[in-house]
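**Q** I'd like to go over a predicted model; first the sequence, then the structure.
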Amino acid sequence: MDKKFSALKERQKTKIAEWFYEAYRKSYLESGKIPGKKEEAEIMSYVFDKVEEAQIWIPAGELYDYYHRRKNKLLKRLEKEINREEKQNEGSNDSI
């Protein structure tokens, strides 16, 4: 019987969500664009490694499904973060 993502402990779900965001953010900042198929493979590889290190048992298919459900939320979170940083930079440049 395969374990579903929803069956994970809340702490495990949070860790996995953060790992996906870290990898998504890094990919976006390195390339300057939304991750494509190649970058998504790198994101998945990073998260698989982290899940394995943390000894969380979850089928790869569940992680793929989770990532594809969360892609838009990852992008929106990243856009908010970038906009916030830009506003802070504008504010600090005004005082110079």
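**A** Looks like it arrived, so ask away. Values in this document were obtained by computation on a predicted structure and should not be read as measured data.

**Q** which stretches in this structure count as helices?
**A** Taking DSSP state H, the helices of the chain run over residues 10-31, 37-53, 60-94.

**Q** contacts for the first one?
**A** Spelled out, that is helix 10-31. 5, 8, 34-35, 39, 42-43, 46-47, 50-51, 54, 56, 58, 63, 66-67, 70, 74-75, 77-78, 81 (CB atoms under 8 Å, 6 or more residues apart in numbering). All C-beta spots, glycine's among them, are computed from the backbone N, C-alpha and C.

**Q** so among these, which ones count as buried?
**A** The neighbour count (16 or more other CB atoms under 10 Å) marks 5, 8, 35, 39, 43, 46-47, 50-51, 56, 58, 63, 66-67, 70, 74, 78 as buried among the contacts of helix 10-31.

**Q** do you know how far the closest residue in space to Pro35 that isn't next to it in sequence is from Lys4?
**A** In this structure, Pro35 finds its nearest non-sequential neighbour in Ser27, 4.5 Å apart by CB to CB, 6 or more residues apart in numbering. For Ser27, the distance to Lys4 (CB to CB, to the nearest Å) stands at 26 Å.

**Q** Ile56 now?
**A** 13 Å.

**Q** cool, and Ser31?
**A** For Ser31, the distance to Lys4 (CB to CB) stands at 32 Å.

**Q** same question, Glu30
**A** 32 Å.
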